[in-house]
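> The following comprises the amino acid sequence and a computationally predicted model.
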Amino acid sequence: MSLALYNTLTRSREPFVPLDQGRVRMYVCGPTVYGHSHLGHAKSYVSFDVIVRYLRFLGYQVLYVQNITDVGHLSDDADEGEDKIENLSRTRQVHPMQIAEQYTHSYFEDMDALNVIRPDISPRASGHVIEQIEMIRKLINLGFAYEANCSVYFDVQRFAGYGKLSGRRPEELEAGARVDVNPDKRHPGDFALWKRAEKGHIMRWPSPWGEGFPGWHIECSAMAMKYLGESIDIHGGGLENQFPHHECEIAQSEAATGRPFVRYWLHNNMVTVDGRKMGKSLGNFLTLKDAFVRWAPQVVRFFILQSHYRSTLDFSEAALEGAAKGLERLNAARRAVRDRLREAPDQGSPGAVDLEKHRLAFLAAMNDDVNTPQAVAVLFELSREINAAFSSGTPLPAALLREIDALFESLAGTVLGLTLEQAPSGRAGDQPLESRLMDLLIALRGTLRAQKLWPLADMIRNGLSEAGVTLEDGKQGTTWKRTS
RNA sequence: GGCGACGUACCCAAGUGGUAAGGGAGAGGUCUGCAAAACCUUUAUGCGGCGGUUCGAAUCCGCCCGUCGCCUCCA
């Protein structure tokens, strides 16, 4: 049993075998930093985060590169549009790099909150203009690109493999009604590698073809190859970037090196709202900062993991609420394990819960093209079995409880990035002042309850509830937790 | 118009030939002063429709209906 991934290039599920044994070179298209990240970004980067985490869990040494696009991404057609970031900088009267920096910070802030492990390298496009120029020059020398009117275009007709990822041929593009006529291009499908900077354009660099800036597609090829080599194992990105972005990446990279650029192309699907894509252009997006006001980042992460990365995920308040409750169920299970651990006997029947069965089921799900919803289902099944064992009355031995706890930590924590039961909660014996005050209130209420002074007892419970603390009366005494 | 997906219960969502995972909601129950939480049980003879292949189909094939994505920027 080993990891299989769905490769867009071959449109099939393939066993994952990296180029070098034990090492994985992985590149994922990062954000264009001209706005706060939204739920769609979260789905993409959480999905790839889990893939990276799982590869590392399997023992691979992963080098994970994810770019930050801070120049060259045009707001419209690749010939007419303006640079998105420069656009915004004009409106706000600040330097484009200030815009890029602001939203780069914002991006990492959100990803940190989602417990997304940072990439090993986060190269900025503007910091790699030299590499991009070098690559463009090479493409011209090899006859795959041509200069026209101080801009440089890739000649799609010269590259035989153009279309192998998306299934689209240059001939078909020509038939499309929406390809703009650009007299500089030899073929309507040719794409810009370097753009001439018009008067007033702030982001500009000197080049052999005059002052200008790099096209959008070239950055990923140049940076991926700089840090990962000419052939990489995994390239990830959003489904909507399959064409033209990734198709162009393949063309320019393979034309330049003559070698296969990417072995496994992975594409994640998008978040929808009422069945429609969540996107900036549609204006139906929810930024993560807004989402986090309502739902904890962990809940958002969990919500994402409950669907497959290649499936669309439909957003709704009800769906998020459902995820929040489900996550709490897993939390409760682990909390119960830890609570019992305090008074667990050293001896007992260790065979009460078959951990190995669940561990293997979890791995089987993950090996099957990173089926996180299935893996999450295994966690629920594990939880149910543990709870059943608890309610049967027979105390589980400490060694088994520690094993269960470790299994949660490993599968839910290390692999899925879910930090179960981090919210402060407690029973007698905890250290901080908050806990000691809670102990006092609980003891006071306990006395009132013993005297059947219900109104006074409820006054404490209701007051704490308003302060964001929930009391729960259980068999083994009263516990409290924050309700956020 | 071209290319490509998808349609599974009230909602979200797994499942690519062997007789429908999981979560939420709903219902019943245990516990409780009440409550909350937790736990247990339960909830699709059915997988958009109609045909076909097969011993057997949500899964494969064909047609139809519906929704969406890409072809212009988007994770």
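That came in fine, so what should we check first?

> where does the closest residue to residue A:469 other than its chain neighbours land in three-state SS?
Distances taken as CB to CB, 6 or more residues apart in numbering place residue A:480 nearest to residue A:469, at 5.4 Å, with adjacent residues excluded. In this view, the C-beta of every residue, glycine as well, is placed from N, C-alpha and C. Taken by DSSP: H, G, I helix; E, B strand; the rest coil, the conformation at residue A:480 corresponds to strand.

> what sits up against stretch A:454-467?
With contacts defined as CB atoms under 8 Å, 6 or more residues apart in numbering, stretch A:454-467 is touched by A:441, A:444-445, A:448-449, A:470-471, A:480, A:483.

> Check the residues you listed and tell me the two furthest apart.
Largest separation among these by CB to CB: A:448 and A:483, giving 22.1 Å.

> So which of these two has more stuff around it?
Per other CB atoms under 10 Å, whichever of residue A:448 and residue A:483 has more neighbours is residue A:448, with 17 against 11.

> Could I get the contacting residues of the more buried one?
Per CB under 8 Å, 6+ apart, neighbours of residue A:448: A:454, A:456-457, A:460.

> From what I see, residue A:32 and residue A:85 are in contact.
Yes - at 7.5 Å, residue A:32 counts as touching residue A:85 under the criterion of CB atoms under 8 Å.

> how close does the closest residue in space to residue A:418 that isn't next to it in sequence get to residue A:327?
Distance criterion CB to CB, 6+ apart; nearest residue to residue A:418, sequence neighbours excluded, is residue A:412 at 4.6 Å. Noted for residue A:412: a distance of 10 Å to residue A:327, by CB to CB, to the nearest Å.

> hey, what's in contact with both of these two?
residue A:418.

> If you count surrounding residues, which of those two has more?
When residue A:412 and residue A:327 are compared for neighbours, residue A:412 comes out ahead with 26 against 23, by other CB under 10 Å.

> so the more buried one makes contact with residue A:379?
Yes - assessed by CB under 8 Å, residue A:412 is found in contact with residue A:379 at 5.8 Å.

> Could you tell me which residues touch both of those two?
residue A:330.

> residues in contact with whichever residue of the stretch 101-250 of chain A sits closest to RNA strand B?
Nearest residue of the stretch 101-250 of chain A to RNA strand B, counting by CB to the nearest atom of the strand: residue A:238, 2.4 Å away. By CB under 8 Å, 6+ apart, residue A:238 lies in contact with A:29, A:40, A:44, A:267-268, A:270.

> Same list (the residues you listed) but as CSV, adding distance to residue A:339 and secondary structure.
Listed next are the contacts of residue A:238 as CSV, based on distance: CB to CB, whole Å; DSSP: H, G, I helix; E, B strand; the rest coil:
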residue, distance to residue A:339, secondary structure
A:29, 44, coil
A:40, 38, helix
A:44, 37, helix
A:267, 43, strand
A:268, 38, strand
A:270, 40, coil
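
> and these as JSON lines, adding distance to RNA strand B, neighbour count and pLDDT?
Formatted as JSON lines, the contacts of residue A:238 follow (distance: CB to the nearest atom of the strand, whole Å; neighbours: other CB atoms under 10 Å; pLDDT from 0 to 100):
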{"residue": "A:29", "distance to RNA strand B": "5", "neighbour count": "21", "pLDDT": "96"}
{"residue": "A:40", "distance to RNA strand B": "2", "neighbour count": "24", "pLDDT": "95"}
{"residue": "A:44", "distance to RNA strand B": "4", "neighbour count": "27", "pLDDT": "96"}
{"residue": "A:267", "distance to RNA strand B": "8", "neighbour count": "21", "pLDDT": "96"}
{"residue": "A:268", "distance to RNA strand B": "6", "neighbour count": "25", "pLDDT": "95"}
{"residue": "A:270", "distance to RNA strand B": "3", "neighbour count": "18", "pLDDT": "92"}
